[in-house]
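Asker: Everything below, folded, please.
(2 chains)
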Amino acid sequence: MRELLLELLGWLGYLERPAVLLQLAVAIGLMVLRRFAARRNWLRQLRPRAYTPLALVVLAASCLLLAQLGLPYGISGQLGVLWLGWYALDLLHPLLQRRLGAETARQLDSRLLRPAYLLLAALMLISSLDSISDLAVAPLGSVLGVPVDAGRLFNAALITYLVLMGSGPPAAAVAWLVQRGLASSDGSRKAMELMLRYTVVGLGLMGVAVHLGINSTALIAVAGGLSVGLGFGIKEIFSNFVSGIWLLFEGSVRPGEVLMLDGDPCEVRSLGLRATLLWRDRDNAELLIPNQTFFTEAATTFTASDRMRRSQVSIGAAYHNNPAEVIALLEATALKVARVLPQPAPKALLLNYGDSAINYSLRFWIANPMDNVGICSEVNQAIWQAFRDNSIEIPFPQHVEYSMQWPPEQHQPNKFTQQQP
Amino acid sequence: MGQLVPSMAPPPAAQKSQRRRDRLLRLLGALALLAPLGGCTLGRELPNVLHLGVEVNPDEKIDAELRADTLQRLGGLEASYRQLQPNTRFQDSLYPEQQLEWEIKHRNRAGLGPDLLLLSGDMALRLLAAGVTAPFPQTEVDLNQFDPQVLDRLRNPSGDLAGLPLLVQTQLACFNRRRLPVAPATLEQLLDTSAKGHPVGLSMEAYNLFWTAGSFGAIDAIDTAAAGRQPSGAQQQAIERWLTWLQNANNQQRVTFYASQSSAEAEFREGKVDWFPCRSSAIPRLRKALGDGLGMAPLPSGEGGNASPINKLRVLALGTNVSRSSRKRALAFSRFSVNPLSQRNLTLGSQVALPANRFVRVPLSSSATLRAMVTSAEQGRQTNTLMALTHSNDPRLAEIQTLLTTLVFGEVPPNKAGQSLVAILRNRP
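Answerer: Numbers count the residues shown, from 1 in each chain, chains lettered A, B, ... in the order given. Below is the predicted model:
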């Protein structure tokens, strides 16, 4: 590490060269100038976005001038090219958004394109300052008894990053192909995608260990150390990770499944390394639930064997309405609601005789458990309308208030009461 | 939470002072960048770095071991120089021979070229011709220390000096003492050794195989052809004897021709080869692998004369886009490196190269390695004419390489190969 730091420190020596300072001043000066000019809109006829191309043109002209004067221009040129590339990424972003959607475009841009560009830029600049092949073998120290140099560490970090960030799209593509071939469900596709991704990441990390030259004995030693660590510090993390893998294989908690959580149906959005992300329709909340919760506690799911849910609404009808007519009407009404499944057929039941009404229950099946509340509302509205059309009364308890006099002997009964026979 | 956000923003007065501070920082940053342009003293605070680019031979691969060896060897010289100039720091960068010219051109375009380059003589001439390096100032005091013939080889047609000779890397015979107590002194003994069960390795590269030509007295013939003249009948026969031996050697069960010098070296380090012609620059690596088992001797002679190794002269060449102070440092370090004391320390300390300064006496009695290297340097003088007539980028060398490969593998008979070789050499670019 010391050697590498000394190497980096040595680059400062170039700053004593006037040609280097001149180029830096030209390039960095133009960057600063563009920022000021764009912020304060010095050229009113120009849009803020047009300042960068203008500055790039000026920088290119400066490079040409330096070349004409026989002065070095490589640093200014390189900084200009890098600036142009960065600007091109800015222009590319809206196009990606249109093609891939805002979220995917943002992820692609921030996780892959810009880091890759910055990496290339760094390599390009370093190759101007030093010999890359020499710098790559600069020793940094040792990991598990294996000497590690800058090149190996760089490669290892790059592979790890690419595996972590870049394994998503290929895994999704393979899972999509398998889904097309086997006609499996969306949940299975997502589960397969995640498992493929874990496999690629696992293989990638092993590849990195092999690339670094770490031998199996050292890895066993690490595993031994980790097992102690698992017992204390990272037990929860490991438990959540293993629970996640288990749940995926089991298929009980997969993306797209609907689970009941605190009485609310929630859809599983993603199954992460540590936690499962659920979406609750009621308030559009996203809930992060540790994986081991589903592993250790009972959970209600509506999507284990199929996605249908049997729902029900309760209704009271007056005592003078014929229960057989009410039941027939309720069943016919449910069938008229578009999102109620005709099969299995809706079923109305007389549940009990209440204080002021006969209580009925209308049970029906729906295709999407997440739509339960909305469909119940539609069914209740349809029942109200059907009862009104068929003059069926929905009774409800009524309260009558009247005043009393004290002492009770002086109390006069209400007029309404007096008129009763 | 939404209502909290406005209340967390700093008050207008604080915002104003923050803006002022930001502006001041920006101004200071700009001044720090521009100050050295205005002749400010910032330059004095920067480290006095001497950027030294080192060419790595094509038969060597840049790895941690080579880097450590090179830095250690140069480190001794640099440490001695730092005793005189403690403020000077060195930054050594290794470049593969194939990429060196492109890399230095690329860096020169950015004004980031090295101050000084440690190159082979051929490469120094090439870079000077390409305008990548600057001619070395020729003062009598400096040049008196070197053999005039060596200096002539480093001059371009205009008489500019491509670099200051620093050291000579030689070609020797390396052998495994544990398996082979004494190195063969002649080519005949070499084949006998292999017949007795000792594996012998030879590099297929013409540049590393050329030492065998001298042992058959073929150097005069090759020099004549390289000068564009037709060799005499006797000279032609010497060439054919040499080529016949090469073809026969490949037919020996325990003589192996390796595609590159590095593969032969790797086999030797692994103990699969008992004898092979090595480069003196490889001695530290071989010593690390074989320890005391490593033996070194002059290359075997033959019935026609001594071996004719091509030894590499390493020179210090000046970079082009340097500041006045860094040029001064580069010149001072170059002169320090070739003074007799430094040259002696360089030779004795590393024992991988001979001094270029002709006034430095190499203590032969103290080291068999140095003895072998001195013998090799003397034998190598046979190739001076050829070296003067060709250069490392000469298109004839590629053709000769192809011819030797086809010859060794029996694709072409020695007499026909001899005629082709002469034809190739006479066809001067």
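Asker: domains of chain A?
Answerer: Chain A breaks down into these domains under automatic domain parsing: A:1-135, A:235-301, A:309-389.
Asker: Now do the longest one: distance from first to last residue.
Answerer: Right, domain A:1-135. 12 Å (Cα to Cα, to the nearest Å).
Asker: Check the last one too.
Answerer: End-to-end distance for domain A:309-389: 29 Å, by Cα to Cα.
Asker: mind listing what residue 219 touches?
Answerer: Assuming you mean chain A. Residues counted as contacts of residue A:219 (Cβ atoms under 8 Å, 6 or more residues apart in numbering or on different chains) are residue A:209. C-beta: built from backbone N, CA, C; applies to glycine.
Asker: wait, chain B
Answerer: Counting by Cβ under 8 Å, 6+ apart, residue B:219 touches B:213, B:305, B:308, B:382, B:383, B:386.
Asker: Tell me the spacing between the fifth one and residue B:353.
Answerer: With the distance defined as Cβ to Cβ, to the nearest Å, residue B:383 ends up 17 Å from residue B:353.
Asker: same check, this time on the first one
Answerer: Distance of residue B:213 to residue B:353, computed by Cβ to Cβ: 23 Å.
Asker: circling back to that earlier point, and the contacts of residue B:219, which two are the farthest apart?
Answerer: Comparing all pairs in these by Cβ to Cβ, the longest separation belongs to B:305 and B:386, at 14.4 Å.
Asker: Residue B:311: neighbour count?
Answerer: Counted with other Cβ atoms under 10 Å in any protein chain shown, residues neighbouring residue B:311 total 24.
Asker: actually residue A:232, not the one I wrote
Answerer: Neighbour count for residue A:232, taken as other Cβ under 10 Å: 7.
Asker: for residue B:127, same thing?
Answerer: Residues lying near residue B:127 (other Cβ under 10 Å) number 24.
Asker: phi, psi of the closest residue in space to it that isn't next to it in sequence?
Answerer: In space, and not counting its chain neighbours, residue B:127 is closest to residue B:133: 4.4 Å by Cβ to Cβ, 6 or more residues apart in numbering or on different chains. For residue B:133, the backbone dihedrals (degrees, to the nearest 10) come out as phi -120, psi 170.
Asker: Residue B:133 and residue B:317 touch, don't they?
Answerer: Yes: contact criterion Cβ atoms under 8 Å: residue B:133 and residue B:317 qualify, at 4.3 Å.
Asker: Identify the residues contacting residue A:212.
Answerer: Residue A:212 sits next to A:143, A:146, A:148, A:152, A:156 when contact means Cβ under 8 Å, 6+ apart.
Asker: Next one: the closest residue to the third one other than its chain neighbours, what pLDDT does it get?
Answerer: Once flanking residues are discounted, residue A:148 sits nearest to residue A:140: 5.2 Å by Cβ to Cβ, 6+ apart. Residue A:140 is assigned a pLDDT of 82 by the prediction.
Asker: Please look at residue A:140 and residue A:151 and confirm they touch.
Answerer: No: contact criterion Cβ under 8 Å: residue A:140 and residue A:151 do not qualify, at 9.7 Å.
Asker: Looking at residue B:383 and residue B:353, which is more packed in?
Answerer: Using other Cβ under 10 Å, the more surrounded residue of residue B:383 and residue B:353 is residue B:353, with 24 against 21.
Asker: Next one: that one relative to chain A, how far apart?
Answerer: Distance, residue B:353 to chain A, using Cβ to the nearest Cβ, to the nearest Å: 20 Å.
Asker: ok, now residue B:204?
Answerer: As judged by Cβ to the nearest Cβ, residue B:204 and chain A stand 24 Å apart.
Asker: Would you mind confirming that that residue is in contact with residue B:408?
Answerer: Yes: between residue B:204 and residue B:408 there is a contact under Cβ under 8 Å: 6.7 Å.
Asker: anything in contact with each of those two?
Answerer: Residues touching both residue B:204 and residue B:408 (Cβ under 8 Å, 6+ apart) are residue B:257.
Asker: Tell me if the residue nearest to residue A:148 really is in a strand.
Answerer: Yes: assignment of residue A:140 by DSSP: H, G, I helix; E, B strand; the rest coil places it within a strand.
Asker: in the helix or strand hosting residue B:265, what counts as buried?
Answerer: Assigned by DSSP states H and E, residue B:265 belongs to helix B:261-269. Within helix B:261-269, the residues scored as buried using 16 or more other Cβ atoms under 10 Å in any protein chain shown are B:261, B:262, B:264, B:265, B:266, B:267, B:268, B:269.
Asker: Can you pull the poorly scored residue ranges out of the chain?
Answerer: As the question left the chain open, I've gone with chain A. Within chain A, the stretches with pLDDT under 70 are A:187, A:229-231, A:233, A:249, A:413-421.
Asker: Not quite, go with chain B.
Answerer: Residues of chain B that meet the cut-off, pLDDT under 70, sit at B:1-47, B:392.
Asker: could you pull out the strands for it?
Answerer: Taking DSSP state E to define them, one finds strands in chain B at B:48-56, B:88-96, B:116-120, B:133-134, B:164-169, B:171-176, B:200-203, B:255-258, B:275-279, B:294-297, B:312-319, B:354-355.
Asker: Within the sheet, what are the partner strands of the last one, with directions?
Answerer: Spelled out, it's strand B:354-355. strand B:164-169 (antiparallel) (DSSP bridges).
Asker: for the partner strand, the distance to its chain's centre please.
Answerer: Put simply, strand B:164-169 sits 9 Å off its chain's centre (Cα atoms, centre = their mean, to the nearest Å).
Asker: Next, the angle from it to strand B:275-279.
Answerer: Using axes from the mean of the first three to the mean of the last three Cα atoms, to 10 degrees, the inter-axis angle of strand B:164-169 relative to strand B:275-279 is 170 degrees.
Asker: Quickly find the element holding residue A:174.
Answerer: Element membership for residue A:174 (DSSP H and E) is helix A:168-182.
Asker: List the buried residues of that helix.
Answerer: Across helix A:168-182, burial judged by 16+ other Cβ under 10 Å covers A:168, A:171, A:172, A:174, A:175, A:178, A:179.
Asker: Now do residue B:362 against residue A:196, distance only.
Answerer: Going from residue B:362 to residue A:196 by Cβ to Cβ gives 66 Å.
Asker: Please disregard the earlier target; I meant residue B:406.
Answerer: Residue B:406 is 52 Å from residue A:196, where distance means Cβ to Cβ.
Asker: more neighbours, the two?
Answerer: Neighbour count, other Cβ under 10 Å: between residue B:406 and residue A:196, residue A:196 has more, with 19 against 14.
Asker: so what's the residue lying closest to the more buried one once chain neighbours are set aside up against?
Answerer: Leaving out its chain neighbours, the residue that sits closest to residue A:196 by Cβ to Cβ, 6+ apart is residue A:171, at 4.0 Å. Contacts for residue A:171 (Cβ under 8 Å, 6+ apart) come out as A:193, A:194, A:196, A:197, A:200.
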